[in-house]
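> okay, sequence plus prediction incoming.
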Protein chains: 2
Amino acid sequence: MSTPMNHQVRLAARPVGLPTDANWQFTTEPVAQPGPGGVLVKTLYLSLDPAMRGWMNEGKSYIPPVGIGEVMRAGGVGRVVASNNPAFAVGDAVTGSLGVQEYALFAENELRRAGLARIDLRAGSWTQWLNVLGMPGMTGYFGLMDIGQPKAGETVVVSGAAGAVGQTVGQLAKIKGCRVVGIAGGPAKCEWVVRELGFDACIDYKGGDVRAGLKEHCPQGVDIYFDNVGGDILDTVLTRINRKARIIICGAISQYNNTTPVAGPKNYLSLLVNRARMEGMVVFDYADRYPQAIAEMAGYLREGRMRSREDVVRGLDNFPKTLLKLFNGENFGKLVLQVADDDAA
Amino acid sequence: MSTPMNHQVRLAARPVGLPTDANWQFTTEPVAQPGPGGVLVKTLYLSLDPAMRGWMNEGKSYIPPVGIGEVMRAGGVGRVVASNNPAFAVGDAVTGSLGVQEYALFAENELRRAGLARIDLRAGSWTQWLNVLGMPGMTGYFGLMDIGQPKAGETVVVSGAAGAVGQTVGQLAKIKGCRVVGIAGGPAKCEWVVRELGFDACIDYKGGDVRAGLKEHCPQGVDIYFDNVGGDILDTVLTRINRKARIIICGAISQYNNTTPVAGPKNYLSLLVNRARMEGMVVFDYADRYPQAIAEMAGYLREGRMRSREDVVRGLDNFPKTLLKLFNGENFGKLVLQVADDDAA
């Protein structure tokens, strides 16, 4: 058999506003074999996340930017196809920072930073390991539990409710005994989070008045707001928060492609009036506690108390246009790019 | 002796932007005597605070607005001149919500809400009881200690550094072992907080570049920002915060007289990147713990570890124009209106 080729998507230039084709470069190179202690992974599915937009920008953030000419950073799942490391055997199902490419080669000293870890496909499917049991699930779990600190009977509002993080936050908050109100774009997503995920209500920000929706569906006010979107929706929720409310700043997808300055929350003085708190979180800080959260959520999946939905698009070449679905709200569920079939299944 | 008259300042109309003479009404009425359980207090000094501007607005806040035609709300200190209540004797020095008037009459059931309490003039002077030992001091104490949670070696930045709250915050943070950098308007205030109060540095926002000042004086970044001003200064500090930084939202004097919407902190996503927290506080929540904080601060005053400065203007009639000093930054130290001399002294 001839040497397989590795198709890759690299960052060609930093975008201004929405990424375009000009920001990407497609490359092909032969797949190399791992050195001592190294591991080679064949990518099956990649996670497409709003945070990717931030990684494309220059400048200090919680993680270094992707360099120009580098393979675009992406979390993914796949199979080990070659290993010189006793922790990984050929055929193992793994998750980690694989990058937007068909094969990810890791030197021994890169394994830790890439977060390469074996996954158990009995606990969740490949795509669930990029969703509830992956970064979005961990983000929702620790954001809600550690920063939000929900108490039974409280009202939790989550934006991006049908998205990867929002699904987890809402379902987990229901399990913890809260009233849960989602905010999502369009009737199909709103219906789904209420009917399938068991949210108490969902406000369609595209079709209606978010303020009126909050008044109607949060008659006791808002105790926790899990914010994935920023912008006008954050401002509106700020007018409805209760005393000692907690706002988790997880993201601000409405602002990521701005070519003008970010819109600050002009109602932030509601924090003062209500002795409330707005706090940012980055999921990587909780890496030591992922196993505990994964075990808890896998239990909910097994018991049917938690569901997930992934929006799977096929083909590495489709990465650029698929990423844009996140920013126009076109994806329905966790957005995943399938790169290859699982031959080992 | 004829019945003394009580001169009062009432809210005549709600202001748009800066208050003007048209917002105030001067009234005179005979001083009434207290009923059963009631107390009559002669006002000596009144506290003029930025929060007063908020109380003049209609709408829900942490405290009901002052009603049109009502005596303007104000904290103050004075002497009990008549009492039918065993807790207060004629001649007692007291503090409480006296209002902008020469005499404050309380029915028994109003005493608690007015927070009427005896004060010990050996612990602090009349005006110190409106400053370090009063609401601004309590605000600074609980904001810094409870929300900021300073640790020795951390860097604390406080805006409105020469103001009533800022003085306390900075000196207390020094006592707790922090590096303290103030932000104030003009060289005189900046010099004073460094030379007299012992701040490590002070940035003159009127004369210089706040961002450059923060870079210079906070080489280790900002761990705690105590915000009294909001606006551009808040935005600038947000670019310099450390991981797990705490921002105490105490006020936003730069925004109180806006006739346009409040400027939201457009760099709020720094909270996310830095896993930082922005939290509002209202001093009244800590009323049960005032005695402990007063005892601690009185100790610092006695030991000379804490100083205070009050800017005293004389004359009830000067209330309207004196209040404006807060908003143009003209006051130097805690702004106090002297209403009468202490005959009992």
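Okay, I see it. Just so we're clear, the structure is a prediction, and the values are computed from it rather than from any experiment. Residues are numbered from 1 along each chain as shown, chains lettered A, B, ... in the order given.
> neighbours around whichever residue of the stretch 101-250 of chain A sits closest to chain B, how many?
Nearest to chain B in the stretch 101-250 of chain A, going by CB to the nearest CB, is A:Ile249, at a distance of 4.9 Å. Any C-beta I mention is one placed from the backbone N, CA and C, and that applies to glycine too. The number of residues packed near A:Ile249 is 28, by other CB atoms under 10 Å in any protein chain shown.
> tell me the bridge partners for it.
On the basis of DSSP bridges, A:Ile249 is bridged to A:Asp227, A:Gly280.
> state the distance from it to B:Leu111.
With distances defined as CB to CB, to the nearest Å, the gap from A:Ile249 to B:Leu111 amounts to 43 Å.
> try A:Asp200
Using CB to CB, we find A:Asp200 at a distance of 44 Å from B:Leu111.
> pull the contacting residues for A:Gly38.
Contact partners of A:Gly38, counting by CB atoms under 8 Å, 6 or more residues apart in numbering or on different chains, are A:83-85, A:105-108.
> so what's the backbone phi/psi at the closest residue to A:Val71 other than its chain neighbours?
The shortest distance from A:Val71 to any non-neighbouring residue, by CB to CB, 6 or more residues apart in numbering or on different chains, is to A:Gly99 (4.2 Å). A:Gly99 has phi and psi values of phi 80, psi 160 when expressed as degrees, to the nearest 10.
> do the same with A:Ala340
Its backbone dihedrals place A:Ala340 at phi -160, psi 160, with angles given as degrees, to the nearest 10.
> find the nearest non-adjacent residue to it, please.
The spatially closest residue to A:Ala340, leaving aside those adjacent along the chain, is A:Leu44, at 5.5 Å (CB to CB, 6+ apart).
> for the one helix or strand that neighbour maps to, list the C-alpha coordinates in PDB.
With elements delineated by DSSP states H and E, A:Leu44 resides in strand A:39-47, which encompasses its position. The C-alpha coordinates for strand A:39-47 follow below in PDB (Å, rounded to 0.1, in the frame of the first residue of the first chain):
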ATOM      1  CA  VAL A  39       1.200   8.500  18.300                       C
ATOM      2  CA  LEU A  40      -0.600   8.900  15.000                       C
ATOM      3  CA  VAL A  41      -4.400   9.400  15.000                       C
ATOM      4  CA  LYS A  42      -6.800   9.200  12.000                       C
ATOM      5  CA  THR A  43      -9.400  11.900  12.400                       C
ATOM      6  CA  LEU A  44     -13.000  10.800  12.200                       C
ATOM      7  CA  TYR A  45     -15.000  13.800  13.400                       C
ATOM      8  CA  LEU A  46     -14.000  17.400  14.200                       C
ATOM      9  CA  SER A  47     -15.700  19.800  16.500                       C
END
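> quick one: strands adjacent to that strand?
For strand A:39-47, sheet partners with direction are given as strand A:75-83 (antiparallel), strand A:103-106 (antiparallel), strand A:334-338 (antiparallel), following DSSP bridges.
> looking at these, which is buried most?
Ranked by mean neighbour count, the strands paired with strand A:39-47 are led by strand A:334-338 with a mean of 25 (mean count of other CB atoms under 10 Å in any protein chain shown).
> pLDDT of that strand, averaged?
For strand A:334-338, the per-residue pLDDT values average out at 96.
> cool, and stretch A:193-211?
Mean predicted lDDT for stretch A:193-211 stands at 95.
> residues of that stretch that come out buried?
A:193-194, A:197, A:199-205, A:210-211 (16 or more other CB atoms under 10 Å in any protein chain shown).
> hang on, the earlier thing: contacting residues for the residue nearest to A:Ala340?
With contact set as CB under 8 Å, 6+ apart, A:Leu44 has these partners: A:76-79, A:126, A:338-342.
> redo that, cut-off 7 Å
Residues counted as contacts of A:Leu44 (CB atoms under 7 Å, 6 or more residues apart in numbering or on different chains) are A:77-79, A:126, A:338-340, A:342.
> return the residues of the stretch 51-200 of chain A in contact with chain B.
With CB under 7 Å from any CB of the partner chain as the criterion, the stretch 51-200 of chain A meets chain B at residues A:61-62.
> about what we covered before: what about the strand holding A:Leu44, distance to the chain center?
Taking the mean C-alpha point of strand A:39-47 and that of its whole chain, the gap between them comes to 17 Å (CA atoms, centre = their mean, to the nearest Å).
> immediately after it, which helix or strand?
Scanning forward in sequence from strand A:39-47, with DSSP H and E defining helices and strands, the next element found is helix A:51-55.
> what is the neighbour count of the closest residue to A:Ile233 other than its chain neighbours?
The shortest distance from A:Ile233 to any non-neighbouring residue, by CB to CB, 6+ apart, is to A:Ser159 (5.4 Å). Using other CB under 10 Å, A:Ser159 has 30 neighbouring residues.
> right, and chain B sits closest to which residue of the stretch 201-345 of chain A?
Among the residues of the stretch 201-345 of chain A, A:Gly264 lies nearest to chain B; the distance is 3.0 Å by CB to the nearest CB.
> look up phi and psi at that residue.
Residue torsions, per degrees, to the nearest 10, at A:Gly264 are phi -80, psi 150.
> which ones are touching it?
Contact analysis of A:Gly264 by CB under 7 Å, 6+ apart lists B:263-266, B:268.
> enumerate the residues of the stretch 201-345 of chain A near chain B.
Taking CB under 7 Å from any CB as the criterion, the neighbours of chain B within the stretch 201-345 of chain A are A:249, A:252, A:261-266, A:268-269, A:271-282, A:285.
> show the buried residues in the residues you listed.
Restricting those to buried positions leaves A:249, A:252, A:262-266, A:268-269, A:271-282, with burial counted as 16+ other CB under 10 Å.
> and A:Arg179, bridged to which residues?
According to DSSP bridges, the partner residues bridging A:Arg179 are A:Thr155.
> pretty sure it contacts A:Thr155?
Yes: in this structure A:Arg179 lies within contact range of A:Thr155 using CB atoms under 7 Å: 4.6 Å.
> who's more crowded, these two?
Under the criterion of other CB under 10 Å, the comparison of A:Arg179 against A:Thr155 puts A:Thr155 first, with 25 against 21.
> for the stretch 201-345 of chain A, what spans make up the helices?
Secondary structure of the stretch 201-345 of chain A, counting by DSSP state H, counting those that start in this stretch: helices at A:210-217, A:231-238, A:270-273, A:290-302, A:319-328.
> for the second one, which positions count as buried?
Just to be clear, that refers to helix A:231-238. For helix A:231-238, by 16+ other CB under 10 Å, it's A:231, A:233-238.
> again with the first one
Within helix A:210-217, the residues that qualify as buried are A:210-211, A:213-214, A:217, counting by 16+ other CB under 10 Å.
> mind giving me the packing neighbours of it?
When contacts are defined as 3 or more CB pairs under 7 Å, 6 or more residues apart in numbering or on different chains; DSSP states H and E, helix A:210-217 packs onto strand A:201-204, helix A:231-238.
> out of those, nearest to B:Asn331?
Of all those, it is helix A:231-238 that lies closest to B:Asn331, at 30.7 Å by CB to CB.
> any chance of the strands paired with strand A:39-47 in JSON lines, with distance to B:Pro150 too?
Converted to JSON lines, the strands paired with strand A:39-47 look like this (distance: least, CB to CB, whole Å):
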{"stretch": "strand A:75-83", "distance to B:Pro150": "37"}
{"stretch": "strand A:103-106", "distance to B:Pro150": "42"}
{"stretch": "strand A:334-338", "distance to B:Pro150": "41"}
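> circling back to that earlier point, of all the helices of the stretch 201-345 of chain A, which one is nearest B:Gln171?
When the helices of the stretch 201-345 of chain A are compared by CB to CB, helix A:270-273 sits nearest B:Gln171, at 23.0 Å.
> state the number of residues packed around A:Lys189.
Close neighbours of A:Lys189, defined as other CB under 10 Å, add up to 25.
> counting contacts, what elements does the helix or strand containing it pack onto?
In this structure, A:Lys189 sits in helix A:187-195 according to DSSP H and E. Taking 3+ CB pairs under 7 Å, 6+ apart as contact, the helices and strands that helix A:187-195 lies on are strand A:179-184, strand A:201-204.
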